[in-house]
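Chemist: This is the structure alone, sequence omitted:
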């Protein structure tokens, strides 16, 4: 059910008395992950959006370090969550199509923290498998207070995985006026678009309410000082250029991390980090050694079974403002609802984004274009018949060239493709070689790997895909 995850727990919490306080040492803090579901990085106050109400995220950011350049490697729920929990990129861990599962024997952050003496629980959205690779203690909202206070001398990790603002956009305060909202760049301005965006904004506010409830759970139990809070947005929403793409609106994520007296409150960093960096960072903060972790998967860059990511603890400590030079992206359309065969790979540095569309002759389709679930796409197609700019935006989503290059400093919404610019050819070759090297290290064989995508989905989803193909 789509509801606030923590509200029921707070009803119990306010009536409780004599709750034990945490005595976790600084070397073994608690962890609270708060994860949105399909929320654009810039669709909240800490990232400059003043028209969407996110007061709890705003307050959290004032107490935290906010990452200006944090990324997931794929803008789909199951691959994103499984790379977050494993510290391993999607093709190497096996969960690269949507509704997928990691390879048998994969070990996740749950195992690593349990071995360091932690209790690890999750409430809300799962979207991962198999359970042996993610042996969370699955909780209901009514059990959260009991979970965080169960043993004062044993640290915990709690994941609050919201369903907001994933479509359908039907919850939240419902008081946003689409006519008064400023639409993101690249949106076709129609009444239907404005109505859909207003509904989405309302869902973002609903997620923010859950952030407030989650933080209140810590405050009421005197757990704030001893708990590292990690709030993040997962990936972009299912508007064009967001979810299911390798554009910034899809891959860039909000990442806000608080640890009182350990991380400078109100700080921001331009360090480039990826979701696969979070697991090794948490292991190090918990007192473990990331380089000694066994993920259960061969193929790490050093030839072993370790993480793909690296700890960014020094960034959190403020001793450096740099981390990665490059981040990578992958999209597998096979496995999404109404998806076409349109694989995408990307690489980004501090300024430029290079995208390679492996089957650019095909048309890019998904639930937005084929089913118009949120009832705005048909208005884009209608407007495109008479408006050249609308036609450009529609065409850009459905048909793309084999290569794309964007200067994100001057073109943050990736509107001007520089791939054919003579002065950019050396850069394209350099970034292309780095992308190919990463793919080779990951065992990503491009089109061949795409053809194997259905083998990594759950049995139920494989049967459904076969039925869809027959129909």
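Modeler: Sure, I can see it. Given the structure is predicted, the values throughout are model-derived calculations rather than measurements.

Chemist: ok, residue 236 to residue 250 distance?
Modeler: Separation of residue 236 from residue 250 (Cβ to Cβ, to the nearest Å): 4 Å. For glycine as for every other residue, the C-beta is placed from the backbone atoms N, C-alpha and C.

Chemist: cool, and residue 271?
Modeler: In this view, residue 271 and residue 250 are 21 Å apart by Cβ to Cβ.

Chemist: Of the two, give the one with the bigger neighbour count.
Modeler: Between residue 271 and residue 250, counted using other Cβ atoms under 10 Å, the more crowded position is residue 250 (30 against 21).

Chemist: for the strand or helix carrying residue 213, packing partners?
Modeler: Following DSSP states H and E, one finds residue 213 within helix 191-220. Other helices and strands packing on helix 191-220, by 3 or more Cβ pairs under 8 Å, 6 or more residues apart in numbering; DSSP states H and E, are helix 7-15, strand 30-35, helix 55-62, helix 144-149, strand 227-232, helix 377-384.

Chemist: Buried ones in that helix, by neighbour count?
Modeler: For helix 191-220, the neighbour count (16 or more other Cβ atoms under 10 Å) marks 192-218, 220 as buried.

Chemist: What average pLDDT does stretch 142-162 get?
Modeler: In this model, stretch 142-162 has a mean pLDDT of 96.

Chemist: And stretch 247-256, by the same measure?
Modeler: The pLDDT scores in stretch 247-256 average 98.

Chemist: can you list residues touching both of residue 236 and residue 250?
Modeler: Overlap between the neighbourhoods of residue 236 and residue 250 consists of 75, 242, 243, taking contacts as Cβ atoms under 8 Å, 6 or more residues apart in numbering.

Chemist: What's the local residue count around residue 395?
Modeler: 11.

Chemist: And it, which helix or strand is it part of?
Modeler: Using DSSP H and E, residue 395 sits in helix 388-398.

Chemist: now the angle between helix 377-384 and that helix, please.
Modeler: Here helix 388-398 points in a direction 130 degrees away from that of helix 377-384 (axes from the mean of the first three to the mean of the last three Cα atoms, to 10 degrees).

Chemist: Buried residues, helix 388-398. List them.
Modeler: Neighbour counts over helix 388-398 (16+ other Cβ under 10 Å) mark 390, 391, 393, 394, 396, 397, 398 as buried.

Chemist: can you list those in a markdown table and add pLDDT?
Modeler: Below are these laid out as a markdown table (pLDDT from 0 to 100):
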| residue | pLDDT |
| --- | --- |
| 390 | 97 |
| 391 | 97 |
| 393 | 96 |
| 394 | 97 |
| 396 | 93 |
| 397 | 95 |
| 398 | 96 |
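
Chemist: Tabulate the residues you listed (a markdown table), appending distance to residue 34.
Modeler: A markdown table is the format used below for the buried residues of helix 388-398 (distance: Cβ to Cβ, whole Å):
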| residue | distance to residue 34 |
| --- | --- |
| 390 | 37 |
| 391 | 40 |
| 393 | 33 |
| 394 | 35 |
| 396 | 33 |
| 397 | 31 |
| 398 | 35 |
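
Chemist: I figured residue 442 hits residue 89, correct?
Modeler: Yes. Taking contacts as Cβ atoms under 8 Å, residue 442 lies within contact range of residue 89: 5.6 Å.

Chemist: So the two - more neighbours on which side?
Modeler: More crowded of residue 442 and residue 89, by other Cβ under 10 Å: residue 89, with 27 against 22.

Chemist: For the more buried one, give me the pLDDT.
Modeler: We have a pLDDT of 98 for residue 89.

Chemist: likewise the one 3 residues further on?
Modeler: As predicted, residue 92 sits at a pLDDT of 98.

Chemist: re earlier: output the helices and strands packed on helix 191-220 as TSV; include the columns mean neighbour count and distance to residue 162.
Modeler: Below are the helices and strands packed on helix 191-220 laid out as TSV (neighbours: other Cβ atoms under 10 Å; distance: least, Cβ to Cβ, whole Å):
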stretch	mean neighbour count	distance to residue 162
helix 7-15	15	12
strand 30-35	23	6
helix 55-62	19	12
helix 144-149	21	14
strand 227-232	24	10
helix 377-384	18	25
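
Chemist: May I see those arranged in a markdown table, with distance to residue 312 as well?
Modeler: Output for these, formatted as a markdown table (distance: least, Cβ to Cβ, whole Å):
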| stretch | distance to residue 312 |
| --- | --- |
| helix 7-15 | 31 |
| strand 30-35 | 15 |
| helix 55-62 | 18 |
| helix 144-149 | 26 |
| strand 227-232 | 12 |
| helix 377-384 | 38 |
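
Chemist: Great, nothing more from me.
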